[in-house]
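Visitor: A structural model of the following input is requested.
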Amino acid sequence: MSKFADIEIDKGIIKRAAAGDAKAHEIIYRAFSTPVYSICLRFTKAPAQAEDLVQETFIEIMRSIAKFRGEAALGSWIRRIAVTKSLMFLRSAWTKRSQALSEDWDDMTAGEPVSHGISSHPDDAMDLDSALASLPEVSRAVVWLHDVEGFTHKEIAGLMGKSESFSKSQLSRAYQRLRPMLSAADATQPDGATIGGY
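Guide: Below is the predicted model:
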């Protein structure tokens with residue numbers, strides 16, 4: 001799960017940041033820069049682009065923190081800004097490639113799971129990052145938002161400017177793609193039982 005929810009910032013720091021206090025800004029940056037970088041990297045798969053998105057995210061945070069009402073946790077608010085910035089970056093990349101979101105599935109890398117860095121040995125742990133990397137950008141983003149960050153299909157649809165059925169369809173197709181990889185990586189436990197009791 002996301003680390004955003006585990007980070008607590010004193011309300012006094014938030015008020016100081018809203019008033020433009022540079023030290024308060026630095027405290028918030030230090031507290032959230034690592035999880036923001038992590039989520040940006042999940043979407044971009046490129047460290048340099050993720051670093052740029054971290055800067056854009058914190059510029060937006062400091063510009064908008066005076067409007068933060070505290071109705072949700074600060075971490076949830078920051079997470080949503082990071083996700084929005086990441087999706088805006090992906091949309092820009094999709095536009096540059098002149099692709100519609102629904103066509104992104106065709107960019108999927110073909111081949112057996114082992115060609116994507118997934119071990120063919122059942123006693124090796126599955127490399128989740130490699131499995132996700134084999135998905136096209138849109139599907140990877142939907143899986144990450146839905147399964148890791150806990151966004152609903154309605155929320156994902158709103159963030160991507162698409163319908164709920166689009167989000168559900170992308171998730172279903174991603175699962176179809178990941179299923180053989182998960183099966184290949186389904187390690188047996190030392191007592192002979194497989195993971196999940198099967």
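Visitor: residue 28 and residue 7, how far apart?
Guide: 9 Å (Cβ to Cβ, to the nearest Å). Just so you know, the C-beta spots here come from the backbone N, C-alpha and C atoms, and that holds for glycine as well.
Visitor: pick out whichever of these two has more residues nearby.
Guide: Just comparing residue 28 and residue 7: by other Cβ atoms under 10 Å the higher neighbour count belongs to residue 28, 21 against 16.
Visitor: and that one, how close does it get to residue 57?
Guide: From residue 28 to residue 57 the distance is 11 Å (Cβ to Cβ).
Visitor: surely residue 140 and residue 177 touch.
Guide: No - counting by Cβ atoms under 8 Å, residue 140 does not reach residue 177; the two are 10.1 Å apart.
Visitor: next SSE downstream of the helix or strand bottoming out on mean pLDDT in the chain?
Guide: Least confident helix or strand of the chain, by mean pLDDT, DSSP states H and E, is helix 128-133 with a mean of 71. With elements assigned by DSSP states H and E, the helix or strand that comes after helix 128-133 is helix 137-143.
Visitor: so who does the residue nearest to residue 137 when sequence neighbours are not counted touch?
Guide: Distances taken as Cβ to Cβ, 6 or more residues apart in numbering place residue 90 nearest to residue 137, at 5.4 Å, with adjacent residues excluded. Counting by Cβ atoms under 8 Å, 6 or more residues apart in numbering, residue 90 makes contact with 43-44, 137-138, 141.
Visitor: part of a strand, is residue 65?
Guide: No - read with DSSP: H, G, I helix; E, B strand; the rest coil, residue 65 is helix and lies in no strand.
Visitor: these two touch, right, it and residue 14?
Guide: Yes - the pair residue 65 / residue 14 is scored as a contact, 7.0 Å apart, by Cβ under 8 Å.
Visitor: which segments of this protein make up each domain?
Guide: Domains of the chain are assigned by automatic domain parsing as 1-98, 100-188.
Visitor: lowest mean pLDDT across those domains, which one is that?
Guide: Lowest mean pLDDT within these: domain 100-188, at a mean of 69.
Visitor: hmm, back to that, tell me the secondary structure at the residue nearest to residue 137.
Guide: Per three-state DSSP, residue 90 ends up helix.
Visitor: and the helix or strand hosting residue 41, what does it pack onto?
Guide: Using DSSP H and E, residue 41 maps to helix 22-44. Judged by 3 or more Cβ pairs under 8 Å, 6 or more residues apart in numbering; DSSP states H and E, helix 22-44 is in contact with helix 11-18, helix 47-64, helix 74-96, helix 137-143.
Visitor: which of those has the highest mean neighbour count?
Guide: helix 137-143 (a mean of 24; mean count of other Cβ atoms under 10 Å).
Visitor: run the chain-centre distance for that one.
Guide: 8 Å (Cα atoms, centre = their mean, to the nearest Å).
Visitor: go on, stretch 140-158?
Guide: 8 Å.
Visitor: mind checking the end-to-end distance for it?
Guide: End-to-end span of stretch 140-158 (Cα to Cα, to the nearest Å): 17 Å.
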